[in-house]
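Model the following, please.
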Amino acid sequence: PVPYPLPRGERVDPQVADLPVFPGAHEIDGFLAPNDGALMPLQVYATSAPHADVIAFYRAELEALFGRK
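So this is what the prediction gives:
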């Protein structure tokens, strides 16, 4: 699991530059998190939408960007 620091209102560039933010979500924080010996950008957003809606949105967006596999 990623160790989540206390939010400091920082920003990081997203790992997938063309991926849109979930409609209505707002950014809380961003930081670099360790992942297999490297640092990866992790952005934290808040939304009141159901988890299934967020997953469906990003599945569709990623398939549109990278194609269905």
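
Hmm, residue 45 is touching residue 24, no?
No - the pair residue 45 / residue 24 is not scored as a contact, 9.8 Å apart, by CB atoms under 8 Å. C-betas here are computed from N, CA, C, even on glycine.

Could you point out which residue ranges in the chain have low pLDDT?
1-3, 69 (pLDDT under 70).

which SSE is the residue minimising distance to the centre of the chain in?
Centre of the chain computed as the mean C-alpha position; nearest residue by CA atoms, centre = their mean is residue 43, 5.0 Å away. Assigned by DSSP states H and E, residue 43 belongs to strand 38-46.

I would like the residues contacting that strand, please.
2, 4, 7, 11-15, 21-22, 25-34 (CB atoms under 8 Å, 6 or more residues apart in numbering).

Need the buried ones from these selected in ChimeraX.
Those of those that count as buried under 16 or more other CB atoms under 10 Å are selected in ChimeraX with:
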select :22,29,30,31
